[in-house]
Structure formats: structure tokens, C-alpha cells
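Enquirer: one predicted model, sequence on top.
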Amino acid sequence: MQESREDHRGYRRLTIQLPVECISPDGGWERTVRGVTVNISTGGIYFEVDVSNGLSRLPADALLDIELTVPPGQGHFPYEGRVKSVAEVVRWEELGDVNGVSPRRRRVGVAARFREPLKLAF
């Protein structure tokens, strides 16, 4: 019997869309790139961003300074806040052209592993 990839993960993933901002000076992203999370866990994150064709592909092991915006919600955060961490790129996926935006933009998916615990910043 073959086990799914999900069975081997060390952390449970939460499917949630949160605004994400990241920068990777050592990987060639010297300006902030904005996107949205697809899922997140205490061990890592998968997010999608629209990038220009001039923005370089991030190599595996490139470091990212990541900042997530957490909306306020009853029972957890009374105010909007930020969660920050440093993550290491594990996988980069070309998802295709961004329809209706520009022929020079494309969507990519980035999987990254957190290198340090998430820090709350309110």
C-alpha cells in the first residue's frame, strides 16, 4: 500500500489565505514581493506570488524574510497583526501567466521551511 505525501509531513497544514510579503536579498529579490498564502504550518509555508519576467527564480536554500498579515478575529486577535520569520526555499513552481494583467507577468508557487520560530508583531 502506498502512502500519500501528506502522511509524511511533520506538521499539520492550515489552508488559509493571508497576505504575505517577502524579500530575498541573497536570492536576487532585493525588493518586497507580495502574494497570498495557500497553506501554512508551524514548520513552513506555501504561497503564490505574481512576478515580472525580470525577477529571478529563487534557488533552493535561498533565504526569505517573510511577513504575514493576520486579520483581527473574535477569540484570537482583537487587532490586525503581523507574523514574521526567516524561511528557506524548498520548491519553486511555475504556475503560468497572469491572465489579463500583463504578458510580462507570471504566477509562481513557493514552498519554504521556517528557519526560526514565527514571531508576533502587533
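Expert: Received, thanks.
Enquirer: any idea how far Y79 lies from G73?
Expert: According to CB to CB, to the nearest Å, Y79 stands 10 Å off from G73. Any C-beta I mention is one placed from the backbone N, CA and C, and that applies to glycine too.
Enquirer: low-confidence ranges in this structure?
Expert: 1-9, 27, 53-55, 76, 98-104, 122 (pLDDT under 70).
Enquirer: and the longest strand for the protein?
Expert: When the chain is parsed with DSSP state E, its longest strand is strand 81-97.
Enquirer: so which elements touch that one?
Expert: Judged by 3 or more CB pairs under 8 Å, 6 or more residues apart in numbering; DSSP states H and E, strand 81-97 is in contact with strand 44-52, strand 63-70, strand 105-114, strand 119-121.
Enquirer: flag every buried residue along it.
Expert: Neighbour counts over strand 81-97 (16 or more other CB atoms under 10 Å) mark 83, 85, 87, 89, 92 as buried.
Enquirer: quick one: contacts for the most centrally placed residue in the chain?
Expert: A centroid search over the chain (CA atoms, centre = their mean) returns F47, at 3.6 Å, as the residue closest to the centre. If you count contacts by CB atoms under 8 Å, 6 or more residues apart in numbering, F47 has them with 20, 22, 35-38, 109-110, 112.
Enquirer: just the buried residues from the residues you listed, in PyMOL please.
Expert: Buried residues among the contacts of F47 (16+ other CB under 10 Å), as a PyMOL selection:
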select buried, resi 20+22+35+37+38+110+112
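Enquirer: specify the beta-bridge partners of G109.
Expert: Applying DSSP bridges to G109 gives these bridge partners: E48, E93.
Enquirer: L63 touches D26, doesn't it?
Expert: Yes - using CB atoms under 8 Å, L63 is in contact with D26, at 5.7 Å.
Enquirer: can you give me the buried ones in stretch 26-42?
Expert: 27, 29, 33, 35, 37-38, 40.
Enquirer: same deal with stretch 64-82?
Expert: Neighbour-count burial for stretch 64-82 [16+ other CB under 10 Å]: 64, 66-68, 70.
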